[in-house]
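*Asks:* Provided below for reference: sequence and predicted model.
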Amino acid sequence: MAAGRHAEAITALRKALSLDSSKLRTRNNLGFALAATEQDEAALRVFRAGGDAVAARSNLAMAQEIRGAIATAKASYAAVLAADPDHLTAVEALRRLSRTPDKQTPTEVSSPPEEAPQ
């Protein structure tokens, strides 16, 4: 998504969800767009509306990592592991992020997650 276009995406995705709230991909995209604009609580609510609290927290952690908020992402992945100690995505992410400085710009994030769980 082009820089500065997140607000437009958020508006369009909210409208799309108002027309059909069953679209999980649309809900995930909205959550990632909200997290990209540092609206983490709103993003988490959107992800949770998809049904699974652990997956919601994992999606938020991925979005934070992509945004470059590494310390915040680490805390979110740790919360995922507190709820589900065998959550492979969180285990791998924390292993990868243990070698990453806590502050990065989004373009510096190495090995971003391939795709959010759905």
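*Replies:* Structure received.

*Asks:* For the residue of the chain positioned farthest from its centre, which residues are in contact?
*Replies:* Relative to the C-alpha centroid of the chain, counting by CA atoms, centre = their mean, Leu19 is the outermost residue, at 23.1 Å. By CB atoms under 8 Å, 6 or more residues apart in numbering, the contact set of Leu19 is empty. Any C-beta I mention is one placed from the backbone N, CA and C, and that applies to glycine too.

*Asks:* The same query, at a cut-off of 10 Å, please.
*Replies:* Thr26 (CB atoms under 10 Å, 6 or more residues apart in numbering).

*Asks:* And it, how close does it get to Thr26?
*Replies:* 9 Å (CB to CB, to the nearest Å).

*Asks:* do the same with Ala16
*Replies:* Counting by CB to CB, the gap from Ala16 to Thr26 is 5 Å.

*Asks:* So between those two, which is more surrounded?
*Replies:* Thr26 (19 against 16; other CB atoms under 10 Å).

*Asks:* That one and Ile10 touch, don't they?
*Replies:* No. Contact criterion CB atoms under 10 Å: Thr26 and Ile10 do not qualify, at 11.6 Å.

*Asks:* which neighbours do these two share?
*Replies:* Common contacts of Thr26 and Ile10, defined by CB under 10 Å, 6+ apart, comprise Val46.

*Asks:* can you give me the strands for this protein?
*Replies:* Assigned by DSSP state E, the chain shows no strands.
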